[in-house]
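Participant: Based on what follows, work out the 3D shape:
(one chain, ligands or ions: 1)
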Amino acid sequence: MVDTMAGNQERRIEICENDGDVASKLCDYVINKANESVKKRGIFTIGLSGGSMAKYLCDGLPERVTDWSKWRVFFCDERHVPYDNPECTYSIYKKNLMSKVALKVDQVFPDDPGLSVEKAADTYQKTIQSVFEGDGLPRFDLLLLGMGPDGHTCSLFPGHPLLEETKKWVAFIKDSPKPPPERITLTFPVLNNTRCAVFASCGAGKAQMVKEVLEGHIDPPLPASRVRPTKGELVWFLDKAAAGLLESKALQN
Ligand SMILES: O=C(O)[C@H](O)[C@@H](O)[C@H](O)[C@H](O)COP(=O)(O)O
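Facilitator: Numbering: from 1, shown residues only. Coordinates of the predicted model:
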């Protein structure tokens, strides 16, 4: 179902039976985007999120066909913890995805937990600059995002000054309401310059916040509501439970 947001930006909402169906459709979508990007530009730049997103991707992606050598894998945000910390998003993907596919170490760009979180954010921005040509804002092919129960996305939390960051591509946070407290995160200028932003949310626990983000008018807008690619696509993959409170007529099928 496609609906139009304010400013005539299109948004697609895919309602799936359950989280397994979300994972399957999401993996198909990611691989199609990857193969399209490689065909058009010879490279596929993707940003991964932590939390449930890893669960949706790690089983399904290795079963699908793509030229992994053309992938450049970044993280939309990262918990600033040692790689052996079970909270480390990079290590979760390294163990459950990268170990199963032909991705080389130099194609994946993790945070450096050995630096201070301030230095790590600056260093990550330089890492992104080194892969994207030119000094302009990086334009990712695909950013895969989750939404927290408070409407946060990446490590951009409601009411946090980081939401107003307009210069830095990568920022740091030391007081994340979602533990662990220290994280680095992409900022809205980068999120909204992507060719495609995709959210995946499942479970009745997210239904109220999904409704607020997709149909509400909270002011100031929630972080997940502020992801609106200026020249790109926005897609939400939801299971029926997470979509259960949406009123949009077109969804009643
Ligand atoms: O590393 C993180 O914590 C994530 O990047 C974070 O933004 C996550 O995507 C949301 O908190 C949703 O997580 P769930 O989908 O697991 O609820």
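
Participant: what does the stretch 1-150 of the chain have sitting close to the ligand?
Facilitator: By C-beta under 6 Å from any ligand atom, the part of the stretch 1-150 of the chain that sits against the ligand consists of S49, G50, G51, S52, M53, D77, R79, T89, G146, M147, G148. For glycine as for every other residue, the C-beta is placed from the backbone atoms N, C-alpha and C.

Participant: Among those residues, which ones are in helices?
Facilitator: Counting by DSSP state H, the part of these found in helices is S52, M53, T89.

Participant: Name only those of those that count as buried.
Facilitator: S52, M53, T89 (16 or more other C-beta atoms under 10 Å).

Participant: Quick check, the first one in contact with M147.
Facilitator: This points to S52. No: taking C-beta atoms under 8 Å as the definition, S52 is not a contact partner of M147, at 9.9 Å.

Participant: tell me, what's touching the two both at once?
Facilitator: When contacts are counted by C-beta atoms under 8 Å, 6 or more residues apart in numbering, the set common to S52 and M147 is empty.

Participant: gap between stretch 32-45 and the chain center?
Facilitator: 17 Å (C-alpha atoms, centre = their mean, to the nearest Å).

Participant: Then stretch 52-60?
Facilitator: Worked out by C-alpha atoms, centre = their mean, stretch 52-60 lies 12 Å from the chain centre.

Participant: Over to stretch 156-163?
Facilitator: Distance of stretch 156-163 from its chain centroid, counting by C-alpha atoms, centre = their mean, is 16 Å.

Participant: Give me the contact list for that stretch.
Facilitator: Contacts of stretch 156-163 (C-beta under 8 Å, 6+ apart): 77, 148, 150-152, 155, 171, 173, 176-178, 185, 187-188, 220, 222-223, 226.

Participant: Filter these down to just the buried residues.
Facilitator: Applying 16+ other C-beta under 10 Å to these flags 77, 148, 151-152, 155, 171, 173, 176, 178, 185, 187-188, 222-223, 226 as buried.

Participant: Let me see the ranges of the strands in this protein.
Facilitator: Secondary structure of the chain (DSSP state E): strands at 2-4, 10-16, 44-48, 71-75, 77-79, 142-145, 170-173, 183-186, 196-201, 233-239.

Participant: beta partners for L156?
Facilitator: Residues in a beta bridge with L156, per DSSP bridges, are T153.

Participant: Any idea how many residues pack against it?
Facilitator: 28 (other C-beta atoms under 10 Å).
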